[in-house]
Every structure is written in C-alpha cells, then in structure tokens.
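>>> the amino acid sequence is not available; the structure is as follows:
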C-alpha cells in the first residue's frame, strides 16, 4: 500500500508499473499498490491513463512532488472528491453556464469585439447544434439570464460524464471560466492551445497593445500548463 503524500517526500521506490485487475488498472510502486490521499484504491478504467500516471511516478527524482503529477491528481480528485460529492461538483460546473465567458462581449474597441465574435461565436453555435444549449450573448458585464432549456441541455450533457471525465471538465471549466470551452476541448472541437487562447482572448489582446508584466506572464504560463494537463487527462481517458 502507498500511504498518502501531502507534500514533497523522499522517493521511496525504484520503479512504477501498471497492473491489470478485474475491474480496471492500477499502478504499483515496487509491488505496492498506489492509493488515493484518502486511502482508497486508485483503480483506473483506462490503460492509457494508468500508463500516463505510471510515467509520472517514474519521472520523479530524489523527491516526490505531487504538483508535478497532474494526471495522478485528477484521478485522485475523481475518486476521493467526486465519488462522494458528485452533485456538488456537478452543480459547480453547471453554475458556469449562467456566466460563461463566451457570452460576455465587449462593445469597444471594435477590433476586440470583432475578435471575440469571430473566435467565440462558432463555439456557441457548436454548443447549440450538438448539445442543444442555445446561450444568449450580451455586451458588458451585467449578468444575463440564460434560457432554462439551454441550462437543462448542458445539465443532461454533464450528467452523462463519469467521475473521471467530470474531474477533467470541472478543472477546465474553472480554469477557463467557460463550460463551453471545457466541453469543446473534451469533444475534440478545439485543442489545448486553442482553449488557452480563447479563454485568454481579452488578456492576449491587452498584452498585444500594452505588453504583459512578469506576474501576468507567470499566471498565463501556469494556466496553459493546467489546461494542457487536463486535456491530456481527458484524452487518455478516451484512449
């Protein structure tokens, strides 16, 4: 058994490998099964994901750094948090539908408004066509009430996700401020780079005009990593 790791600790194993079980796949460290921080078996339905997590364990140096193991983190979140609190996580994700980034546009400058329309509207059109979620667009920051039918359509889509998928979608939604971007990435409509660019459209525009300070650059780099790791997690789940 692998006890919980809450911070950096000395590496206590030589190798990590994937083992097949009756109900999925697990990772063993020198023959000891990895468990979640709450002590639950880390059972994975995807061999590709299990191999990805094993690679994260193999890549550790003298210290084990959980922050450098996002795939493992998402899996643990799905098992420990979502497994027992699925409705809470589900509601948190669905709540973004009422304030989705893509629905709030600028009136000026004109070139920013044009860029928002050209890059964001096709994704809202995609959501309307494939999910049945026809969301309203507004100018400014005042909240707009979205149609109940659109919210229900998104709820139906999210309810079909298993706990692992919901973990990835929840992370992406929070990072991007948009459940539409998260679902579009999960469905292969856009890739991780596009997801970052669309979620940071306003910031990128401002950076082009005025430049970015070092703090903003670090924040954006961290966000780019978060989106990329969540995208990889969802991809491996479906592989």
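The structure has been received and is ready for your questions. All values reported here derive from a predicted model rather than from experimental measurement. Residues are numbered from 1 along each chain as shown.
>>> going forward, measure contacts and count neighbours with C-alpha atoms only.
OK.
>>> any idea which element the residue sitting nearest the centre point of the chain lies in?
Taking C-alpha atoms, centre = their mean, the centroid of the chain lies closest to residue 172, which sits 2.9 Å from it. Taking DSSP states H and E as the criterion, residue 172 maps to helix 163-176.
>>> after that helix, which helix or strand is next?
Next helix or strand after helix 163-176 toward the C-terminus (DSSP H and E): helix 179-186.
>>> how near is the residue nearest to the centre of the chain to residue 16?
Residue 172 sits 28 Å away from residue 16 when distances are taken as C-alpha to C-alpha, to the nearest Å.
>>> what of residue 82?
In terms of C-alpha to C-alpha, residue 82 sits 26 Å off from residue 16.
>>> packing partners of the helix holding residue 172?
Using 3 or more C-alpha pairs under 8 Å, 6 or more residues apart in numbering; DSSP states H and E, the elements in contact with helix 163-176 are helix 70-76, helix 83-95, helix 179-186, helix 192-199, helix 214-237.
>>> picking that back up, wait, what's in contact with the residue nearest to the centre of the chain?
The neighbours of residue 172, taking C-alpha atoms under 8 Å, 6 or more residues apart in numbering as the test, are 178, 179, 181, 182, 226, 227, 230.
>>> show me the shaky parts of this protein.
The chain contains residues with pLDDT under 70 at 1-7.
>>> does residue 236 touch residue 48 like I think?
Yes: counting by C-alpha atoms under 8 Å, residue 236 does reach residue 48; the two are 5.4 Å apart.
>>> common neighbours of these two, please.
The contact lists of residue 236 and residue 48 share no entry, where a contact means C-alpha under 8 Å, 6+ apart.
>>> name the nearest residue to residue 165, ignoring sequence neighbours.
Leaving aside its sequence neighbours, residue 165 sits nearest to residue 234 (C-alpha to C-alpha, 6 or more residues apart in numbering; 6.5 Å).
>>> list the contacts of residue 229.
By C-alpha under 8 Å, 6+ apart, the residues touching residue 229 are 70, 71.
>>> tally of neighbours for residue 35?
Residue 35 has 20 neighbours, counted by other C-alpha atoms under 10 Å.
>>> any idea how far it is from residue 151?
Residue 35 sits 36 Å away from residue 151, going by C-alpha to C-alpha.
>>> repeat that for residue 134.
With C-alpha to C-alpha as the criterion, residue 134 and residue 151 are 9 Å apart.
>>> now swap in residue 202 and tell me
Look at residue 202 and residue 151: by C-alpha to C-alpha, they are 25 Å apart.
>>> who's more crowded, these two?
It is residue 151, of residue 202 and residue 151, that has more neighbours when counted by other C-alpha under 10 Å, with 20 against 17.
>>> now do the contacts for the more buried one.
By C-alpha under 8 Å, 6+ apart, the contact list for residue 151 reads 94, 97, 98, 133.
>>> what is the nearest of those to residue 87?
Set against residue 87, the nearest of these by C-alpha to C-alpha is residue 94 (10.3 Å).
>>> can you tell me the helix or strand for the residue lying closest to the closest one once chain neighbours are set aside?
Counting by C-alpha to C-alpha, 6+ apart, the nearest residue to residue 94 once its immediate chain neighbours are dropped is residue 155, at 6.6 Å. Following DSSP H and E, one finds residue 155 within helix 148-159.
>>> that helix: which residues count as buried?
Within helix 148-159, the residues that count as buried by 16 or more other C-alpha atoms under 10 Å are 150, 151, 153, 154, 155, 158.
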